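Student: One predicted model, sequence on top.
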Amino acid sequence: MKKIVLLTLLTGLFLSACQPKSLETKSQEIQSAEPSQTKPNIRTSVGKEFMISSEGIGRAKLGMTLGKLKQISDHKTEFKLISPFMVDVNAIAVSQGSIVQYYILYPAGTTSHPDRVTPTDEDLITTLMTDNFNYQTKEGVKVGTRIEEAEKIYGNATLSYNVENESREYITFSNYMPPNMRFRASYFKSSSNGLSFSGIYPEYPQVSYKTDKYREDAVIAAIEVSCPSDNCVPR
């Protein structure tokens, strides 16, 4: 396990335009929260309503239609379209009591609507993402878990991003990485009012970056699960 206390910021001014607003805001909230709010709840029992697994998030399962999820959800659950959510991606925000539980993502070209972007009740759920603190894996890893704490369970962390993929920063762990689950890293405000990464990367220009060095206070900002839209088993 490698931890870097030295704060070496790599500023990416272009990031603020391509990151989903909800994830940027959540990352900043995580950093400003009190320690008791960000302390990971490691290895505790997780109810099905708040479980993140390779099959889905909470009641939402990969391969389920949006219409089916609406049928099995509490009557107070709200489904709100966010367009755009990211570049070439729309989303349905699934909320309870005005609090977003998770997002259903629909990349351009994957829906049955004539515009190929707007979701319909007949479309399959193929990608889910949550930045809600209440949802966690069976090991108790969730949004707000420090990367160094997750390493104690999942093994050494590697952080990476690609400038051709909107510079979204992801975390993989040496002993745990379901092929359809991804962990997003938190972003930090830089002195130049841009966003900087959790990982500490070499400064020479590249397209793809990877490192096992990261800020001591870096945490998980979001968790995604997905299945290929052309090979997602209907439920």
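Tutor: Done, it's in.
Student: From the chain's centroid, how far away is stretch 206-224?
Tutor: Put simply, stretch 206-224 sits 12 Å off its chain's centre (Cα atoms, centre = their mean, to the nearest Å).
Student: Kindly report the same for stretch 99-110.
Tutor: Distance, centroid of stretch 99-110 to centroid of chain: 11 Å (Cα atoms, centre = their mean).
Student: now stretch 175-192
Tutor: Relative to its chain's centre, stretch 175-192 lies at 7 Å (Cα atoms, centre = their mean).
Student: what about it, average pLDDT?
Tutor: Stretch 175-192 shows an average pLDDT of 87 in the prediction.
Student: Could you do stretch 71-84 as well?
Tutor: Mean predicted lDDT for stretch 71-84 stands at 95.
Student: Ok, stretch 222-234 next?
Tutor: 86.
Student: Go ahead and list the helix or strand containing Y201.
Tutor: Assessed by DSSP states H and E, Y201 sits outside every helix and strand.
Student: what's the closest non-adjacent residue to it?
Tutor: Y209 (4.6 Å; Cβ to Cβ, 6 or more residues apart in numbering). For the C-beta atoms, the positions are set from N, CA and C on the backbone; glycine is no exception.
Student: try G67
Tutor: Per Cβ to Cβ, 6+ apart, closest to G67 is D121, 3.3 Å.
Student: Would you enumerate the residues in contact with that neighbour?
Tutor: By Cβ atoms under 8 Å, 6 or more residues apart in numbering, the contact set of D121 is 65-67, 70.
Student: OK, contacts around the residue nearest to Y201?
Tutor: Contacts of Y209 by Cβ under 8 Å, 6+ apart are 160-162, 199, 201-202.
Student: What subset of those is buried?
Tutor: With neighbours counted by 16 or more other Cβ atoms under 10 Å, the contacts of Y209 contain buried members at 160-161, 199, 201.
Student: Report the beta-bridge partners for the most centrally placed residue in the chain.
Tutor: Closest to where the C-alpha atoms of the chain average out (Cα atoms, centre = their mean) is A222, at 2.8 Å. Beta-bridge partners for A222, by DSSP bridges, are R184.
Student: That one reaches M181, doesn't it?
Tutor: No: applying Cβ atoms under 8 Å as the test, A222 and M181 come out as separate, 11.5 Å apart.
Student: that older thread, cross the contacts of D121 against helices and list the overlap.
Tutor: Those of the contacts of D121 mapping onto helices are 66-67, 70, per DSSP state H.
Student: Any buried residues in stretch 70-87, and which?
Tutor: Neighbour-count burial for stretch 70-87 flags 73, 82, 85-86 (criterion: 16+ other Cβ under 10 Å).
Student: For it, give the distance from the opening residue to the closing one.
Tutor: Stretch 70-87 has an end-to-end distance of 26 Å (criterion: Cα to Cα, to the nearest Å).
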